[in-house]
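Colleague: fold the stuff below for me.
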Amino acid sequence: MLTQLFQSDSELVNVHDLAHLIVSQELPGTTVKTDGIDGDPYAFLTVVNLNACWDHPAISALSNYLLAKCEDDTTLLQILRPSRDPSSTSHIGLILSERLINMPIQVVPPLYRMLRDEMKTAIREDKPCLFSYYAMVSRTYHMPHEDGHVDSGAESGPPAKRPRATSNKHNPRFHSYHHEDDVWEELGQGSHHFRYTHHNPQEVDSFGAEVGGKLTLLSAEHFSTLVDVIQQRYSST
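Modeller: Sure, this is the predicted structure:
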């Protein structure tokens, strides 16, 4: 599922070693499976302490990748750079999350609620889960025919049935793949859209979508609010 998240740049961020790190670490996280422990995952949500794992090959590659993608965003760079310093008092928790496209949004609130509870327990047990910021990488898509309409005005259709559109001065219009990604952007310190290094641009008249990435930073003090908002909006109860 990490390959689904990082798409054509999966080799650049060393997703194989990253997956092994996630499985082996003792930090909080949940995977949704239906065929037992050896079955394929349908969704997952976990956190990785970038400072504590700064010298791990996968985290080193991923940190370099994200810093390069955000090199023109001084605000995000200022927050991200200390993640490469294990002695820094400002630790960053990298939230990694993905789910299959046919998995309903209702699976997400319990994942976030469990993650919040598990991190509280981990902090009491002196595990490295006390963060100043959280960073999340998510997928976006861009329809080539929308290049001429980069305003952020409302679209037709009910809000719950259409993707939220965002834009910035460097990029055309983007849409989030998952609804919960929009909550991150609403509450976050800032977001940066980027194209994958090995992206394949679509023709203007193509029916296909160009997939991109987004990095969003969230102050740790707002994480509990984020979980509550996701619960209120998307819970099945």
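
Colleague: can you show me the helices along this protein?
Modeller: Assigned by DSSP state H, the chain shows helices spanning 2-6, 15-24, 57-69, 74-80, 108-124, 179-187, 223-234.

Colleague: got the CA positions of stretch 99-119 in CSV?
Modeller: Extracted as CSV, the C-alpha positions of stretch 99-119 are listed here (Å, rounded to 0.1, in the frame of the first residue of the first chain):
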residue,chain,number,x,y,z
ARG,A,99,-6.6,2.4,2.0
LEU,A,100,-7.9,0.7,-1.0
ILE,A,101,-10.2,2.9,-3.1
ASN,A,102,-13.2,0.8,-2.4
MET,A,103,-12.8,0.9,1.4
PRO,A,104,-15.5,3.2,2.9
ILE,A,105,-14.6,6.4,4.7
GLN,A,106,-16.3,4.9,7.8
VAL,A,107,-13.2,2.7,8.5
VAL,A,108,-11.1,5.8,9.1
PRO,A,109,-12.5,7.3,12.3
PRO,A,110,-11.8,4.2,14.4
LEU,A,111,-8.2,4.1,13.0
TYR,A,112,-7.5,7.6,14.1
ARG,A,113,-9.2,7.1,17.5
MET,A,114,-7.1,4.1,18.2
LEU,A,115,-4.0,5.8,17.1
ARG,A,116,-4.6,8.7,19.5
ASP,A,117,-5.3,6.3,22.4
GLU,A,118,-2.2,4.2,21.6
MET,A,119,0.0,7.3,21.5
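
Colleague: which residues sit against it?
Modeller: The contact list for stretch 99-119, computed with CB atoms under 8 Å, 6 or more residues apart in numbering, reads 1, 28-30, 32, 42-47, 97, 129, 177-180, 223-224, 226-227, 230-231, 234-236. Any C-beta I mention is one placed from the backbone N, CA and C, and that applies to glycine too.

Colleague: quick one, which of the helices of the chain gets closest to S138.
Modeller: helix 179-187 (4.4 Å; CB to CB).

Colleague: circling back to that earlier point, make a markdown table out of the helices of the chain and add distance to R173, mean pLDDT and mean neighbour count.
Modeller: Compiled in a markdown table, the helices of the chain are given as follows (distance: least, CB to CB, whole Å; pLDDT from 0 to 100; neighbours: other CB atoms under 10 Å):
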| stretch | distance to R173 | mean pLDDT | mean neighbour count |
| --- | --- | --- | --- |
| helix 2-6 | 21 | 84 | 18 |
| helix 15-24 | 28 | 87 | 16 |
| helix 57-69 | 19 | 92 | 18 |
| helix 74-80 | 20 | 87 | 15 |
| helix 108-124 | 24 | 93 | 17 |
| helix 179-187 | 14 | 94 | 19 |
| helix 223-234 | 23 | 96 | 17 |
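
Colleague: to Y196, which of those lies closest?
Modeller: Comparing those under CB to CB, the one sitting nearest is helix 2-6, at 7.6 Å.

Colleague: who are the packing partners of that closest one?
Modeller: Helices and strands touching helix 2-6, by 3 or more CB pairs under 8 Å, 6 or more residues apart in numbering; DSSP states H and E, are helix 15-24, strand 92-99, strand 133-142.

Colleague: for it, output the C-alpha coordinates as PDB.
Modeller: The C-alpha coordinates for helix 2-6 follow below in PDB (Å, rounded to 0.1, in the frame of the first residue of the first chain):
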ATOM      1  CA  LEU A   2       3.000   2.300   0.400                       C
ATOM      2  CA  THR A   3       3.500   1.800  -3.400                       C
ATOM      3  CA  GLN A   4       0.000   3.100  -3.900                       C
ATOM      4  CA  LEU A   5       0.800   6.100  -1.700                       C
ATOM      5  CA  PHE A   6       4.100   7.100  -3.400                       C
END
